[in-house]
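In: what would the 3D arrangement of this be:
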Amino acid sequence: MKLKNILMVTIGMLFTHIATSQEGLPIYTDYLTDNYYLIHPSMAGVANCAKIRLTGRQQWFGQDDAPKLLTLSLNGRLGDSQSAIGGILYTDKNGYHSQTGAYVTYAHHLMFSRNEIDLNMLSFGLSAGFIQYKLDETTFLFDGPDPIIDGIVQNESNFNIDFGFSYHYLDFYAHGTVKNILKNSGVNNDIEITSNLRRYLLSAGYVYSKFGSEWSYEPSVLFQYKDGTKESSIDINAKVYKQMNFGKLWGGVSYRTSLDGAEFLTSSGSVSSQRLEQLTPILGVNYNQFMFAYTYTYQTNSVVFTNGGFHQFTLGYNFSCRRKRFECNCPAVN
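Out: Alright, predicted model coming up:
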């Protein structure tokens, strides 16, 4: 194995633990590009429009075998009912690991307000899908046969489910989701820790705006906890919106930090540790029924493969739109 590949695998495991393969759909900051449905199944059909979102992400731009992700999602209401459906297709490659997945979602939305002016809605969503994992061992036999390496492309398919809820009250929202509820060990089923890929997500936010103003502001947070490895992280986000004649301009920034440190050896031989820290600016535009967004992630850790080169693009289209029903600053709903 080349030294470059060893470094990529080692550093990728240590400092991109949120994005590692074999955990289902990786969680980056694409949910902030009008794409909460990617991580919360209860957000299917929440908006007054059906939505299509296509996202492409490339990490460590210019490096061979660097992590890359492509997602396609669709969600919308079933007519005028309180039910909604959605679907997600994705492919994710990270070094020698890759995965391809497909999910279908059913969501139900309960209105508690006496009319449609005041938003007060509780939503539940359930996603079920299959994931095919691959581990390419064909280049592992660099120094002769190894009894624990088969030298082939390992394949394994697993079924799993996600369940979550969302609550919207006027300009406030909160989400909670449990991902990978079932035991799902991927191709590494001989490693005990990979049999538990359960992840807990909690997020909340509020949209502020003065009456009649074209500007609105949205602070939010996302907390993640990985049950199998006891790792946790938090995103602190801030977005701003500007209403335009053609639609809306928006942007923001997201700061992600892990709450656990990864240990490593320094050049002097001593043991040190550092936490994952990422800063991601976001820029987007809604033009009539179309949406475009770009994010760039900068990793601020001192020991990394590279600090930058994390590019992500999102294209979206809204259709079957109904009238805006609620008097609120709620871009994910109206």
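In: hang on, Gly316 packs against Ile52?
Out: Yes: using Cβ atoms under 8 Å, Gly316 is in contact with Ile52, at 6.4 Å. The C-beta positions use only the backbone N, C-alpha and C, and glycine is treated the same way.
In: more neighbours, the two?
Out: Between Gly316 and Ile52, counted using other Cβ atoms under 10 Å, the more crowded position is Gly316 (21 against 16).
In: surely Asp34 is in contact with Ala293?
Out: Yes: shown here, Asp34 and Ala293 form a contact pair, counting by Cβ under 8 Å, at 7.2 Å.
In: which residues do the two both contact?
Out: Shared contacts of Asp34 and Ala293 (Cβ atoms under 8 Å, 6 or more residues apart in numbering): Gly284, Thr314, Gly316.
In: could I get those residues as TSV with pLDDT?
Out: TSV is the format used below for the shared contacts of Asp34 and Ala293 (pLDDT from 0 to 100):
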residue	pLDDT
Gly284	97
Thr314	97
Gly316	97
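In: dump those residues into a markdown table; add secondary structure as well.
Out: Formatted as a markdown table, the shared contacts of Asp34 and Ala293 follow (DSSP: H, G, I helix; E, B strand; the rest coil):
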| residue | secondary structure |
| --- | --- |
| Gly284 | strand |
| Thr314 | strand |
| Gly316 | strand |
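In: Asp136: which of those is nearest?
Out: Nearest to Asp136 among these: Thr314, at 28.5 Å, using Cβ to Cβ.
In: what ranges does the stretch 201-334 of the chain have for its helices?
Out: Taking DSSP state H, counting those that start in this stretch as the criterion, the stretch 201-334 of the chain carries no helices.
In: low pLDDT regions in it?
Out: Residue ranges of the stretch 201-334 of the chain with pLDDT under 70: 263-267, 302-308.
In: for it, what spans make up the strands?
Out: In the stretch 201-334 of the chain, the strands defined using DSSP state E, counting those that start in this stretch lie at 215-226, 231-243, 247-258, 262-265, 271-274, 277-287, 290-299, 310-319.
In: give me the distance between the closest residue to Lys183 other than its chain neighbours and Asn180.
Out: Distances taken as Cβ to Cβ, 6 or more residues apart in numbering put Ser195 closest to Lys183, at 5.4 Å, once the chain neighbours are dropped. Here Ser195 is placed at a distance of 11 Å from Asn180 (Cβ to Cβ, to the nearest Å).
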